[in-house]
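Participant: Need the 3D shape of this:
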Amino acid sequence: MSGTVPGGAGSNGVGPGQVGPGQVGSGQAGPVQARPGRVGPGGAASSHAAPVLRIRDLAVTFPAGRGGGAPRRVVDGISFDVAAGECVAVVGESGSGKSVTARSVVGLAGDGARVTAAELSVAGQDVRSASARALRRLRGGTVGLIAQDALVSLDPLRPVGREIGDTLALHTRLDAAARRARTVELLRRVGLDDPELRARQRPGQLSGGQRQRALIAAGIAGEPALVIADEPTTALDQPVQAGVLRLLGRLRDGGTAVLLISHDLSVVRGIADRVLVMTDGTVVEEGTPAEVFEHPRHPYTRALVAAVPTDRPRGTRLSAPAAATARDRRPAPGAGADAAAVERGVGGGTAAQNATNSALDGAGVGGSAGVEAVGEGDGAGAGLMEARGVSRVFHVGGREIVAADDVSLTLRAGRTLGLVGESGSGKSTTARILLGLEQPDAGDVTLLGEPWSPLPEARRRPRRPLVGAVFQDALSSFDPRWTVGTVLADAVTRGRSLRPGPVQAEIAGLLDTVGLGPGVAARRPLHLSGGQRQRVSIARALAADPRVLILDEPVSALDVSVQAQVLDLLDRLQRERGLAYLLITHDLGVALHMSDELAVMQQGRIVESGPAASVLDSTRHPYARRLRDAVRL
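Facilitator: Numbers count the residues shown, from 1 in each chain. I've put the predicted structure just below:
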């Protein structure tokens, strides 16, 4: 790596609209104000400690895509320090450059990336001149990396205990027995129940939250000087999320430097000492959490704060009308210049988004707006799907795991039932039973008053179009070889032979409905942003004109601004079509904003249920109180 950044900001590493380390920026040209450092353990200001991570004038450029065009500068002149015993959080939308910044520290910026910096060091080691072997020693030893996608990061063929044990073997002198004991202790520290059993299980046998906790255990196994946590709580329910934050806080208070990448502002508020706000590869604002979130100065920061759904009434719009889908039209990182050109030419989906904005403006607030829009003649509030006494037991490792225990719930037209609970509580199993993908051991499910499950699939198939689903990981739910147009054509035709003209017209209509232009049909899902992929997932679910949608963590992987747009879209579609939603989420702020009724699930049972506005305030169950208290941390 060279010591200069071609086209960079200058020797101080601060470009227009940026702030330097230890400063609070206004987001505009002009002087900046110095800010005293955090007072850490022992009373010493962390800004006075020797930095564990030091970055000056960092720039990262990717080559042009296959379609040609200019190279893309995704990080442009970033400068900051992270001291021992300090947590610095970087927030921003997908594609802002925050994850690329973090991964550049350990030589993982990406294939073909050109990384330059005036200074880039970890614990006194110059990363710019480090060999591949030195970088491998750095990763896992000096630097612990906790990635977002645990299913991709963990080896699917090995027990998670082996993943942690390998890190211990590489970076400690522990013998085999001590490594096994340490592995179990680490899994216990990150909040996994029965850590001895979890250590023997493969990633595919764990829930999403359990996998993420196992990945965190592997990241901290080598007791690193710096922990880079890239969206470490995305898949976690809020009580476990609070536990992970406490764990990261203990690491910080013990002297570990923490670089936190997150789109969840509540996570950042709970642990960060300083916050950097990034957009378009630059830092536009910096300060303490109170300074940034309570008194944001930059327009982009203000938009992020406004998009948070917590304490926003049912039916109110979260995304800014003028912004609409502008940010969501940007290509995913690595998509290439050809994707950027197509995204600029999709028409922006402005007609659909303007319709969304107009509908939301006219609807006011309150969950009843959706029901009234459907009309009594359309069966507003009628029970479309009902589960009665549903139970499901799995046998794993010679043990019985009760995933659903006497679960009863009703999904009503034009209404949303929010289902919240910890990872492994049975939420997704309940969803699979409602979808007819899992047979219950006891109880039954009805759809429009007729039997649905358990039934032979041959009897269920004619009515499958009535029930749709939107999952958390949109990319994994698509065939990567197919274009968006092929994905939607498959959903539209459902195996029938139809003329191309009507099919293409329906595809264009579906894309317009979810705020995307017809040009997206030619793209593959990999070349779309996260928000665009989730919009395509919703379009696919709507293709068969369903009455019920099962939404399993539909926005948990999205940054807050795109999450707001998708939630507004779902709200508008429900109001227009009278859809019944089951919304499964670990984010109580999302659940309370979107739901008419709320059900709290623990260990396979629904332990509290009632109107969303009041169920947690009057809760009697200890777990539901713990869930409520975790949100208020």
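
Participant: Enumerate the helices of the stretch 151-300 of the chain by residue range, in sequence order.
Facilitator: 160-171, 176-189, 195-200, 208-220, 238-253, 265-271, 289, 299-306 (DSSP state H, counting those that start in this stretch).

Participant: Who are the packing partners of the second one?
Facilitator: Same thing as helix 176-189. helix 160-171, helix 195-200, helix 208-220 (3 or more C-beta pairs under 8 Å, 6 or more residues apart in numbering; DSSP states H and E). Just so you know, the C-beta spots here come from the backbone N, C-alpha and C atoms, and that holds for glycine as well.

Participant: tell me which residues in the last one are buried?
Facilitator: Residues of helix 208-220 classed as buried by neighbour count (16 or more other C-beta atoms under 10 Å): 208-220.

Participant: repeat for the first one
Facilitator: The neighbour-count check on helix 160-171 (16+ other C-beta under 10 Å) flags Val160, Gly161, Arg162, Glu163, Ile164, Gly165, Asp166, Thr167, Leu168, His171 as buried.

Participant: pLDDT on that helix, on average?
Facilitator: On average, the pLDDT along helix 160-171 is 92.

Participant: just the longest one next, same as before
Facilitator: Per-residue pLDDT over helix 208-220 has a mean of 85.

Participant: just to revisit the earlier point, got the helices of the stretch 151-300 of the chain as JSON lines, with distance to Asp512 columns?
Facilitator: Output for the helices of the stretch 151-300 of the chain, formatted as JSON lines (distance: least, C-beta to C-beta, whole Å):
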{"stretch": "helix 160-171", "distance to Asp512": "44"}
{"stretch": "helix 176-189", "distance to Asp512": "48"}
{"stretch": "helix 195-200", "distance to Asp512": "46"}
{"stretch": "helix 208-220", "distance to Asp512": "32"}
{"stretch": "helix 238-253", "distance to Asp512": "36"}
{"stretch": "helix 265-271", "distance to Asp512": "31"}
{"stretch": "helix 289", "distance to Asp512": "39"}
{"stretch": "helix 299-306", "distance to Asp512": "25"}
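
Participant: Could you point out which of these sits nearest Ala84?
Facilitator: Of all these, it is helix 238-253 that lies closest to Ala84, at 9.0 Å by C-beta to C-beta.

Participant: Can you pull out the low-pLDDT segments for the stretch 51-200 of the chain?
Facilitator: When residues are selected by pLDDT under 70, those of the stretch 51-200 of the chain lie in 65-68, 149-151.

Participant: all strands of it, in order?
Facilitator: Using DSSP state E, counting those that start in this stretch, the strands of the stretch 51-200 of the chain run over residues 51-62, 72-83, 87-91, 114-116, 119-122, 125-126, 143-146.

Participant: So which of the ones you listed is nearest Pro518?
Facilitator: strand 72-83 (25.1 Å).

Participant: got the CA coordinates for stretch 578-586 in CSV?
Facilitator: C-alpha atoms of stretch 578-586 as CSV (Å, rounded to 0.1, in the frame of the first residue of the first chain):
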residue,chain,number,x,y,z
GLY,A,578,-56.4,-6.4,3.0
LEU,A,579,-53.6,-8.8,3.6
ALA,A,580,-53.2,-10.7,6.9
TYR,A,581,-49.6,-10.6,8.2
LEU,A,582,-47.7,-12.7,10.6
LEU,A,583,-44.6,-10.6,11.4
ILE,A,584,-41.8,-12.6,13.0
THR,A,585,-39.1,-10.3,14.3
HIS,A,586,-36.5,-10.0,17.1
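
Participant: Make 6 the starting number, not 1.
Facilitator: Fine by me, first position is 6 from now on; the one you just mentioned is stretch 583-591.

Participant: How far off centre is that stretch?
Facilitator: Relative to the mean C-alpha coordinate of its chain, stretch 583-591 is positioned 17 Å out (C-alpha atoms, centre = their mean, to the nearest Å).

Participant: With distance to Leu241 and mean neighbour count as extra columns, can I get the strands of the stretch 56-205 of the chain in JSON lines?
Facilitator: Below are those laid out as JSON lines (distance: least, C-beta to C-beta, whole Å; neighbours: other C-beta atoms under 10 Å):
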{"stretch": "strand 56-67", "distance to Leu241": "25", "mean neighbour count": "24"}
{"stretch": "strand 77-88", "distance to Leu241": "23", "mean neighbour count": "24"}
{"stretch": "strand 92-96", "distance to Leu241": "17", "mean neighbour count": "26"}
{"stretch": "strand 119-121", "distance to Leu241": "31", "mean neighbour count": "19"}
{"stretch": "strand 124-127", "distance to Leu241": "27", "mean neighbour count": "21"}
{"stretch": "strand 130-131", "distance to Leu241": "32", "mean neighbour count": "15"}
{"stretch": "strand 148-151", "distance to Leu241": "12", "mean neighbour count": "25"}
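
Participant: Turn those into JSON lines, columns for distance to Ala204.
Facilitator: Below are these laid out as JSON lines (distance: least, C-beta to C-beta, whole Å):
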{"stretch": "strand 56-67", "distance to Ala204": "30"}
{"stretch": "strand 77-88", "distance to Ala204": "31"}
{"stretch": "strand 92-96", "distance to Ala204": "28"}
{"stretch": "strand 119-121", "distance to Ala204": "36"}
{"stretch": "strand 124-127", "distance to Ala204": "30"}
{"stretch": "strand 130-131", "distance to Ala204": "32"}
{"stretch": "strand 148-151", "distance to Ala204": "18"}
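
Participant: nearest to Ala277, of the ones you listed?
Facilitator: Nearest of the strands of the stretch 56-205 of the chain (C-beta to C-beta): strand 92-96, 3.7 Å.

Participant: got the angle for the closest one vs strand 56-67?
Facilitator: Computed by axes from the mean of the first three to the mean of the last three C-alpha atoms, to 10 degrees, the angle separating strand 92-96 from strand 56-67 equals 20 degrees.
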